[in-house]
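> Task: produce atomic coordinates for the following.
(2 chains)
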Amino acid sequence: MSVILGQTFTGISIGAVLLLIALGLSLTFGQMNVINMAHGEFIMAGAYTTYVLQKSISDAGISLLVALPVAFCVSGVLGALLERLLIRRLYLRPLDTLLVTWGVSLMLQQLARDIFGAPNVQTRAPDWLTGHITLVGGDDPLTVADNRLFILGLAVAAVAALSLTLRLTPLGRRIRAVVQNRDLAEVSGISTSRVDRTAFFLGSGLAGVAGVALTLVGPIGPTMGTNIIIDAFLVIVVGGIGQLKGSVMVAFALGVLQSVLEYSTTVSVAKVLVLVAIVAFLQWRPQGLYTLRTRSLV
Amino acid sequence: MLQIDDVRVGYHRSTVLHGVSVRVPRDGVAAVLGHNGAGKSTLLRAAVGLLPPASGRVLLDGEDITRRRPHERVARGMAYVPQGQQSFPHLTTAENLQLVADGRRRGREAIAEALDLFPALRALAGRRAGLLSGGQRQQLAIARALVTEPRVLLLDEPTEGIQPSVVAEIEETVLSLGARGGLSVLLVEQHVGFAVRAAGRYYVLEAGRVTSSGEGGQGAERTVREALSV
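The predicted model follows:
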């Protein structure tokens, strides 16, 4: 029983990491339909921000907490700059956007190599995140690492913040309106270019927060974002483009599926089986898990 | 109030408007009539800034707004209700209105006044706009434009594709908007009787050119019908 529970919780914690990574994409790709291949490098920027801050702030706990808003701003500004300088000229040209942002991704990786060196670097986890909590005691105990719980809490907080922003704030209404009908939003008095820039800032900022979280579970390197970005795209597509609740459900479902399959097979076989499951699912529901119903197309 | 001067507009290489001039008087209604493809909707899209003119000018209260973006024109008092009952389908009725009220000092009052014109929308506040009927969506589109408290309202075929029971209500609303002070209306319409009745001045558009214009009112209907039958 504890094995099943253990694998489930491992899956949930994998799902939480996946969700944090995918959350920023849910804005830039899910809401704005921009395939930004440099999104992974915004994750990397967030991770390196944590590394740099830890060099100047000796207390690992304080530097981690400071890194969250700083990484959000650093990656957010990078995203807003990318949107301002390149992507806004390429709206409705998805292939060009993909190629250009891929080029930017390679440039940012090289920049990271030039600044921090090619080998991976590591940050120290704060003392209060190095332990674990015992959920089930006895001969076959079930323990959960503190850093995994922290990431889970961070993912839940980020989802709640994004969801509330999109649903309840004027900015959220404007983002949703621009996504649904750009021309109508513009003639309704909304500056669509400002909304695009703000949405990119938020989405890229969330990638920076994901980067901070990833420093707790692995090394920091120039290609760390590229390695995980495809999984994040899968979460958005399978959840249903533009559907936050779909992304949440799919991130956790994929995490648990991956974890359970890894336990009964191997890591690479589990990965292949998850991809097969996704392909089969998209054959059945190409629009993803969730879609919205309307009576009109406009 | 609104002055469109010698505007030439096209899509890609094909020119749709060949030097069209239209004037909307202060607190008055001007109607643009014409067959399908005459360029009526293109004229409104150019006026609101969705289509940049190759030449000509758009003036609002004497200010040249030809190079202004649509949201800047809205900030200066222009509102536009496009053809086809357009709304933000995944936003609720209330959100569709709140969206344009956000950041406006009189936003709440403006929503209340717009809903007074279309009281049926009050009961639909929580329903997504994409689930409304065509008539309800058109009412919402006009209400959303009015929440910006415009000085000039551009209406593109407001009764097109609407069930007959709602057409009369929308026509009545357009007439009352035209009669109320402080608002000028540029109306594009295919229903000649309604358009001429509502307008103080009419323009007949054929193949991207104004072929006839004059004073509106009941007496003009026959002249307009003759101009359109040519």
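
> Could you measure from B:Gln86 over to B:Glu160?
12 Å (Cβ to Cβ, to the nearest Å). All C-beta atoms are positioned from the backbone trio N, CA, C, and that covers glycine.

> Just want to know which of those two has more residues nearby.
With other Cβ atoms under 10 Å in any protein chain shown as the criterion, B:Gln86 and B:Glu160 differ in neighbour count, and B:Gln86 comes out ahead with 24 against 16.

> Near chain A, which residues of chain B? Just list them.
For chain B, the residues in contact with chain A under the definition Cβ under 8 Å from any Cβ of the partner chain are B:48-50, B:69-71, B:74-75, B:79-80, B:82, B:84-91, B:95, B:98-100, B:102-103, B:128, B:130-134, B:137, B:144-145, B:148.

> Can I get the buried part of those as one ChimeraX selection?
Command for ChimeraX, covering only those of the residues of chain B next to chain A found buried under the criterion 16 or more other Cβ atoms under 10 Å in any protein chain shown:
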select /B:48,49,50,69,70,71,74,79,80,82,84,85,86,87,88,89,90,91,95,98,99,100,128,130,131,132,134,137,144,145,148
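
> Please flag which of the residues of chain B next to chain A sit within helices.
If you go by DSSP state H, the residues of chain B next to chain A have B:48, B:70-71, B:74-75, B:95, B:98-100, B:134, B:137, B:144-145 in helices.

> Lowest-confidence entry in the residues you listed?
Per-residue confidence across these is lowest for B:Gly134, with 89 (pLDDT).

> and that one, what does it touch?
When contacts are counted by Cβ atoms under 8 Å, 6 or more residues apart in numbering or on different chains, B:Gly134 is found next to A:Ser296, B:Gln85, B:Gly161, B:Ile162, B:Gln163.

> okay, those residues in a markdown table with distance to B:Glu172 next?
Compiled in a markdown table, the contacts of B:Gly134 are given as follows (distance: Cβ to Cβ, whole Å):
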| residue | distance to B:Glu172 |
| --- | --- |
| A:Ser296 | 24 |
| B:Gln85 | 18 |
| B:Gly161 | 18 |
| B:Ile162 | 13 |
| B:Gln163 | 15 |
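
> out of those residues, which is most surrounded?
Neighbour counts for the contacts of B:Gly134 were taken using other Cβ under 10 Å; the highest belongs to B:Gln85, which has 25 neighbours.

> pretty sure that residue contacts B:Arg144?
No: with contact defined as Cβ atoms under 8 Å, B:Gln85 does not count as touching B:Arg144 (11.3 Å).

> secondary structure element for A:Val235?
Here A:Val235 sits within helix A:224-239, counting by DSSP states H and E.

> same for whichever helix or strand comes after that helix, what does it pack against?
Per DSSP H and E, the first helix or strand lying C-terminal to helix A:224-239 is helix A:244-264. For helix A:244-264, the helices and strands in contact under the criterion 3 or more Cβ pairs under 8 Å, 6 or more residues apart in numbering or on different chains; DSSP states H and E are helix A:2-25, helix A:146-168, helix A:224-239, helix A:267-284.

> can I get the ones in helices among the residues of chain B next to chain A in CSV with distance to A:Asp183?
Putting these into CSV (distance: Cβ to Cβ, whole Å) gives the following:
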residue, distance to A:Asp183
B:Val48, 9
B:Pro70, 8
B:His71, 11
B:Val74, 12
B:Ala75, 17
B:Glu95, 18
B:Gln98, 20
B:Leu99, 14
B:Val100, 15
B:Gly134, 19
B:Arg137, 16
B:Arg144, 14
B:Ala145, 14
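
> Quick check: longest helix in the chain by residues?
No chain in the question, so chain A it is. helix A:60-85.

> That was the other one, I meant chain B.
Counting residues, the longest helix in chain B under DSSP H turns out to be helix B:164-179.

> So what's the gap between it and the chain middle?
For helix B:164-179, the separation from the chain centroid amounts to 13 Å (computed by Cα atoms, centre = their mean, to the nearest Å).

> Rounded mean pLDDT for that helix, please.
Per-residue scores along helix B:164-179 average to 82.

> and for stretch A:73-89, what are the contacting residues?
Judged by Cβ under 8 Å, 6+ apart, the contacts made with stretch A:73-89 from elsewhere in the structure are A:28, A:34, A:36, A:38, A:41-43, A:45-46, A:49, A:97, A:100-101, A:104, A:108, A:193, A:196-198, A:200-205, A:207-209, A:211.

> These, buried ones only, as a ChimeraX selection?
ChimeraX command restricting the contacts of stretch A:73-89 to the buried ones, with burial defined by 16+ other Cβ under 10 Å:
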select /A:28,34,36,38,41,42,43,45,46,49,97,100,101,104,108,193,196,197,198,200,201,202,203,204,205,207,208,209,211
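
> which SS state does B:His18 fall under?
Remark: B:His18 carries the secondary structure label strand [criterion: DSSP: H, G, I helix; E, B strand; the rest coil].

> Could you count how many residues lie near the residue lying closest to it once chain neighbours are set aside?
The shortest distance from B:His18 to any non-neighbouring residue, by Cβ to Cβ, 6 or more residues apart in numbering or on different chains, is to B:Gly208 (4.7 Å). Number of residues near B:Gly208 (other Cβ under 10 Å) recorded here: 22.

> Over to A:Ser63?
When neighbours are defined as other Cβ under 10 Å, A:Ser63 has 21 of them.

> before we move on, which element is B:Asp6 in?
According to DSSP H and E, B:Asp6 maps onto strand B:2-11.

> So which residues make contact with that strand?
By Cβ under 8 Å, 6+ apart, the surrounding residues in contact with strand B:2-11 are B:15-24, B:39, B:42-43, B:45-47, B:51-60, B:78, B:152, B:184, B:186.

> So among those residues, which ones count as buried?
Using 16+ other Cβ under 10 Å as the burial test, the contacts of strand B:2-11 include B:16-17, B:19-20, B:22-24, B:39, B:42-43, B:45-47, B:51, B:53, B:56, B:58, B:60, B:78, B:152, B:184, B:186 as buried.

> What about the residues you listed, which are in strands?
Of the buried ones among the contacts of strand B:2-11, the ones assigned to strands by DSSP state E are B:16-17, B:19-20, B:22-24, B:56, B:58, B:60, B:78, B:152, B:184, B:186.

> from those, which two are the most distant?
B:Val16 and B:Ser184 (24.0 Å; Cβ to Cβ).

> nearest spatial neighbour of A:Gly255, skipping sequence neighbours?
A:Gly15 (2.7 Å).

> and that neighbour, how far is that from chain B?
Separation of A:Gly15 from chain B (Cβ to the nearest Cβ, to the nearest Å): 26 Å.

> Just give the number of residues close to that residue.
Neighbour number of A:Gly15 under other Cβ under 10 Å is 26.

> quick one on the thing from earlier: I'd like the helices and strands packed on helix A:244-264 laid out as a markdown table, including distance to A:Arg84 and mean pLDDT.
Putting these into a markdown table (distance: least, Cβ to Cβ, whole Å; pLDDT from 0 to 100) gives the following:
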| stretch | distance to A:Arg84 | mean pLDDT |
| --- | --- | --- |
| helix A:2-25 | 17 | 85 |
| helix A:146-168 | 21 | 92 |
| helix A:224-239 | 21 | 88 |
| helix A:267-284 | 34 | 91 |
